[in-house]
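Engineer: Sequence below, structure please.
(one chain, ligands or ions: 1)
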Amino acid sequence: MIENSMFEEEPDVVDLAKEPCLHPLEPDEVEYEPRGSRLLVRGLGEHDLEEDEEDCESSAKLLGMSFMNRSSGLRNTTTGYRQGSNGPCSVPSARTMAACAFVVMIAVSVIMVIYLLPKCTFTKEGCYKKNQSMRFIQTQVKEKNSFPWAHTRLPTTIKPLRYEVNLHPNLTSMTFTGSVTILLQALQAKWNIILHSKGHNISKATIRLAVASEEHNVEVVEYNKTEQLAIIVPEALLEGHNYTLKLEFSAKISPHYYGFYGFTYTNEKNEKKLFAGTQFEPLGLRTVFPCFDEPAFKATFLIRIIRNKEHSAISNMPKKSSVVLENGLVQDEFYESVKMSTYLVAFVVGEIKNLSQEVNGTLVSIYGIPERIDQFHHALGVAVKVFEFFQNYFEVPYSINKLDLAAIPTIYAGAMENWGLITFQEQTLLHGTPSFSVTEIRLLRKIMAHEIAHQWLGNLVTMQWWNDLWLNEGFATFMEYFSLEKIADELSVYEELLENQFRYMKIDCLKSSQPMSSPASSVESLQQIGRMFEPINYFKGASLLLMLKTYVGEDVFQHALIRYLKKHSFSSIQNDDLWDNFNEVTGPTLDVKRIMKTWTLQNGLPLVTVQRKGRNVTVHQEKFIMKPEIQPSNESYLWEIPLSYITDRTNNSQYPSVFLLTKESDTIILPEEVEWIKFNVDMNGYYMVHYTDDWEALIKQLNTNPYVFSDKDRANLINNIFVLAGIGKVPLQQAFELIAYLGNETHNAPITEALYQTRFIFDLLEKVGHLDLASRLENRVLNLLHNQIQQQTWTDDGSLSMRDLRSKLLGFACTHNLKNCTTVAMKLFDDWMSSNGTQSIPLDVMSTVFKVGAKTEKGWSFLLSAYDTENSEGKKEMILKALASTADIRNLYRLMKISLDGNRIPTFRLSAIVQEMSQSLLGHLLAWNFVKENWDVLVQKLAVRSYPMRGIIAALTHMFSTKTRLSEVRGFFETQPEDTFKYNSIQDGLEVIQLNIQWMEKNLQALTLWL
Ligand SMILES: [Zn+2]
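Structural biologist: Sure thing, here's the model as predicted:
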């Protein structure tokens, strides 16, 4: 640590040259520089750097993308610059002093002015002479393989203002050439410019004063480890002056879906077509052209792309002109962009068509390959509706006069909010079937709302650095639910938000949980940046904003948000800036900043324990810990919690009472005595509640009339009591008493939560061989939900919420072999199979029908061939899960093998296969053995930190609940090379096994007695 702190205080190599003319160095001081260089390497840490390198690949994968090219081909080991005929104007030495002295003899007064001024200019001869000494220093630095900047973050002394970029991609050779002209401003006198670049061969580099025409060659030094370039200028850049830096380069197009990528797809006429697109968040733009690749360095971008005639190109901005070049190629120029962050730059080149509609002066378009054009209408309809909502809600005009939504023909899923050109993986935006399942309908609208919300929250106002990524992602996630509730209430998206809140609250309690907003200094490496993209940041962010909106009221929330957008348009902000805007709206009566900082700067969440004695309700908060024996370290956790509550006397969830708990304990005095009190109304708060006295009264109320509580409240009670029972705070029997009312439940959210919680217990029991107990539990739940299951029809009729419930209930019934269910499903499957897959199956029960069909050998084989010919990615996924649900070990093994090979079934899909297999005892053990045996191949194909691998690790480890298995899992990962054992997914897995063990210790005996 002392090396790092020393390094911080030590003037770095750049600083050595900061005030050259005032502090000439002596030769022995020059010796100091290698020391600086050594420190530079040590300060950064060799190990960290290695890790960073790995992270280039992993961070892309973490974000749901594929491999980044880490082949040496992309790493430019030979710095393709070499200028220096003039040499750099830099630190004067004794020799320089002598030269200066000579000049002094000629004109003392002139030299005094020049020499004592702290900066040189391009035209001052004296500096050229000084160059000799700088070249000496520079050479030494270079020989030591050093670099004149020691930090991962760029210096803030040079600011880019405008980029002019020319790109000429060759999709056949997968290479491109290009140039970038950067207009930049020196905020301090500097002798070099540090910016990002990765994988470029730079053939030319020049600089000139923005107002002058004379160009000067510059020297370029590259440092691969931090993906930085140092441009060593011939004369100091002067404070307040603008310069134009021009670089010419060539590089490779990435074969993976990160950076500037290209690929071939086969169209319906079986022709091979070339396609190129971009994905720059978080650090991809530096692979296209050298740039200041940090979100706070906002600038404008003028982009020109050369393409084939048959292709089209689109980018963030509308096209300005297209010129046919002599060689028959076409150069498109796009209008200069609005001021924006580098990660938002985007372009797409390919054979694409569009469908457009004007919305209040903005042209909204869907782009995709021509074969898919009949699927554009639906996507456009949704986009227009969502866009209109945000235009009205934010009251800040959208910044560009067009918004393109482009479908990229890949097998991956995801989307990126690039300003003016949102890119979607095709299957996310366009669907192959004329009708949609509930999941598909919700997913499309949610992703659309999320990315369009980003056009304001993220693009117009951006976080300064990745440590505050939640300001982008939490907001966009909150907005996707909020907007859809306003414009498409029938989607009942809140049900999904609730489900996600329950799941991520559990994850937030694990040891690996981080505060949403970390200090910027703790988020520097690619690995650390990648971590900020964990889904928990999205959902916890959304949950906190929901809590805040509920507390301050919808009007205040909107008012503060509009103010925030207006005030910070085209600039970047930190966590505090958001809360300051809220405080300015709420005034001195409510300190939103103070409240919200307790939520964003601490990890985890509070458990509120409620004790009621007469009219007095004592509320006590502590950090919620899943393993209560292990108390948190010395850190004292305290949240400011807006506690909302209703009672049997004041039961109006629209207007609940609210009490702000700012201390560890406090007392609420009710106006009258009550039968029960229910906190966290509608689950609008991010906390767990334990009632020491009221669980019984709440259970009684649910069994008498559950509808005095909203469906969100009923789901919330089910979640809280089962989680608390799991850690021994409440007897498990009481949790089952609470769901005894389920026979009268008509809503999706409470049934979904009850199914989730009981499924968890069933899995634990089954996986340790308590089959009798598991079967008793299964019967209990089937009996509870008997009525609801019988009422389901095998259709796609009804509201989306009811369709969703149908899908879950029939899936549950058939999984547990309820005869009525499997008979109907089998009939539907047989009819489908006899029609050779042409007969339609209602979409919402298709997954269940396939799973039942896959139980026979004939059905399984038919499904496997159907997988090969199926075009819809959604349906492919259903088929795959059905194949993985069979009890036939031979077929399961075959399926995993096919997926591991990756030809017929892509390897990343092994995650879905293993997750499905792990539902059964046999499948789970088979998958665990298979993954252990093939670990090396898997890691080679999918990095440990990738989403698919994390899915595999979670599915396997989360099902174990014995000490023997714990040591087996630990032993296996400990023997893996490198830092495998330290990965969060593996540590989380071990922690979950321990929690499962604890669950069994606390509940198994009692369960055996009464179930
Ligand atoms: Zn997002």
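Engineer: Tell me where the longest helix sits in the protein.
Structural biologist: helix 984-1010 (DSSP state H).
Engineer: Not counting its neighbours along the chain, what's nearest E991?
Structural biologist: Excluding its sequence neighbours, the residue lying closest to E991 (CB to CB, 6 or more residues apart in numbering) is L510, at 5.5 Å. (Each C-beta comes from the backbone N, C-alpha and C, glycine too.)
Engineer: What of E388?
Structural biologist: V359 (5.8 Å).
Engineer: How about the contacts made by the one you found?
Structural biologist: 384, 387-388, 391 (CB atoms under 8 Å, 6 or more residues apart in numbering).
Engineer: Check the residue nearest to E991 and give its pLDDT.
Structural biologist: With respect to pLDDT, L510 scores 91.
Engineer: just checking, it touches G989?
Structural biologist: No. Counting by CB atoms under 8 Å, L510 stays clear of G989, with 10.0 Å between them.
Engineer: The two - which one has more neighbours?
Structural biologist: Legend: neighbour count by other CB atoms under 10 Å for L510 and G989, higher for G989 (24 against 19).
Engineer: taking the mean pLDDT, what do you get for the helix or strand V382 falls within?
Structural biologist: Assigned by DSSP states H and E, V382 belongs to helix 376-394. For helix 376-394, the mean pLDDT works out to 95.
Engineer: Now the strand or helix carrying V364: buried residues?
Structural biologist: Using DSSP H and E, V364 falls within strand 362-368. Residues of strand 362-368 classed as buried by neighbour count (16 or more other CB atoms under 10 Å): 362, 364-368.
Engineer: From those, list the ones also adjacent to the ion.
Structural biologist: The subset of the buried residues of strand 362-368 within reach of the ion, by CB under 5 Å from the ion, is empty.
Engineer: Would you mind giving those residues as TSV with pLDDT added?
Structural biologist: Compiled in TSV, the buried residues of strand 362-368 are given as follows (pLDDT from 0 to 100):
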residue	pLDDT
T362	97
V364	98
S365	98
I366	97
Y367	97
G368	96
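Engineer: of these, closest to K486?
Structural biologist: Relative to K486, the closest of the buried residues of strand 362-368 is V364; by CB to CB it sits at 18.7 Å.
Engineer: and that closest one, bridged to which residues?
Structural biologist: Q357, L403 (DSSP bridges).
Engineer: mind listing what it touches?
Structural biologist: Listed by CB under 8 Å, 6+ apart, the contact partners of V364 are 356-358, 380, 383-384, 387, 402-403, 405.
Engineer: Could you measure from it over to the ion?
Structural biologist: From V364 over to the ion the distance is 19 Å, taken as CB to the ion, to the nearest Å.
Engineer: ok, now how distant is that residue from Q791?
Structural biologist: 41 Å (CB to CB, to the nearest Å).
Engineer: next one: Y655
Structural biologist: Taking CB to CB, one finds Y655 at 34 Å from Q791.
Engineer: Quick one: classify the closest residue to the ion within the chain as helix, strand or coil.
Structural biologist: Closest residue of the chain to the ion, CB to the ion: A476 (4.4 Å). Secondary structure for A476, judged by DSSP: H, G, I helix; E, B strand; the rest coil, is helix.
Engineer: Could you pull up the contacting residues of it?
Structural biologist: So A476 contacts 417, 450-451, 453-454, 457-458, 538 (CB under 8 Å, 6+ apart).
Engineer: now do 7 Å
Structural biologist: Residues near A476 by CB atoms under 7 Å, 6 or more residues apart in numbering: 450, 453-454, 457-458.
Engineer: ok, now how distant is it from K446?
Structural biologist: For A476 relative to K446 (CB to CB), the value is 10 Å.
Engineer: where along the stretch 501-650 of the chain do the helices fall?
Structural biologist: 526-531, 535-552, 554-567, 575-586, 592-600 (DSSP state H, counting those that start in this stretch).
Engineer: Report the beta-bridge partners for L457.
Structural biologist: V461.
Engineer: okay, now it: neighbour count?
Structural biologist: With neighbours defined by other CB under 10 Å, the count for L457 comes to 24.
Engineer: again with A1006
Structural biologist: A1006: 13 surrounding residues under other CB under 10 Å.
Engineer: In contact with it, which residues?
Structural biologist: 731-733.
Engineer: Scan those and report the most crowded one.
Structural biologist: That'd be L732 among the contacts of A1006, by other CB under 10 Å, with 22 neighbours.
Engineer: A725 is in contact with that residue, correct?
Structural biologist: Yes. Using CB atoms under 7 Å, L732 makes contact with A725 at a distance of 4.4 Å.
Engineer: Just the local confidence number for the residue positioned nearest the centre of the chain, please.
Structural biologist: Against the mean C-alpha coordinate of the chain, by CA atoms, centre = their mean, the closest residue is F533 at 3.2 Å. You'll see F533 listed with a pLDDT of 89.
Engineer: any idea how far the residue nearest to E991 lies from E440?
Structural biologist: From L510 over to E440 the distance is 31 Å, taken as CB to CB.
Engineer: Kindly state the beta-bridge partners for D332.
Structural biologist: With DSSP bridges as the rule, D332 is bridged to I305, S322.
Engineer: Near it, how many other residues are there?
Structural biologist: Neighbourhood size, D332 [other CB under 10 Å]: 21.
Engineer: Kindly report the same for L325.
Structural biologist: 10.
Engineer: I figured D711 hits A749, correct?
Structural biologist: Yes. Using CB under 7 Å, D711 makes contact with A749 at a distance of 4.9 Å.
Engineer: With neighbour numbers in mind, choose between these two.
Structural biologist: More neighbours surround A749 than the other of D711 and A749, with 29 against 22 (other CB under 10 Å).
Engineer: contacting residues for the more buried one?
Structural biologist: By CB under 7 Å, 6+ apart, the contact set of A749 is 495, 498, 711-712, 715.
Engineer: Provide a ChimeraX selection command restricted to the buried entries of those residues.
Structural biologist: Here is the ChimeraX command that selects the buried residues among those (16+ other CB under 10 Å):
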select :495,498,711,712,715
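Engineer: Let's see which of the contacts of A749 end up in helices.
Structural biologist: Checked against DSSP H, those include these in helices: 495, 498, 711-712, 715.
Engineer: and which of those is nearest N779?
Structural biologist: The closest of the ones in helices among the contacts of A749, once distances to N779 are taken by CB to CB, is A715, at 23.4 Å.
Engineer: right, and the closest one touches L498 too?
Structural biologist: Yes. Counting by CB under 7 Å, L498 is a contact partner of A715 at 5.7 Å.
Engineer: Around the ion, pick out the residues from the protein.
Structural biologist: 473, 476.
Engineer: Poorly predicted segments of the chain, please.
Structural biologist: Residue ranges of the chain with pLDDT under 70: 1-145, 411-413, 432-435, 629-635, 653-654.
Engineer: which residues in the stretch 651-800 of the chain form strands?
Structural biologist: 657-661, 665-669, 677-679, 688-691 (DSSP state E, counting those that start in this stretch).
Engineer: Adding mean neighbour count, write those strands out as JSON lines.
Structural biologist: As requested, the strands of the stretch 651-800 of the chain are exported to JSON lines (neighbours: other CB atoms under 10 Å):
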{"stretch": "strand 657-661", "mean neighbour count": "15"}
{"stretch": "strand 665-669", "mean neighbour count": "13"}
{"stretch": "strand 677-679", "mean neighbour count": "25"}
{"stretch": "strand 688-691", "mean neighbour count": "22"}
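Engineer: want to try a markdown table for these, with distance to I253 as columns?
Structural biologist: Listed next are those as a markdown table, based on distance: least, CB to CB, whole Å:
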| stretch | distance to I253 |
| --- | --- |
| strand 657-661 | 55 |
| strand 665-669 | 61 |
| strand 677-679 | 56 |
| strand 688-691 | 49 |
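Engineer: No further queries at this time; thank you.
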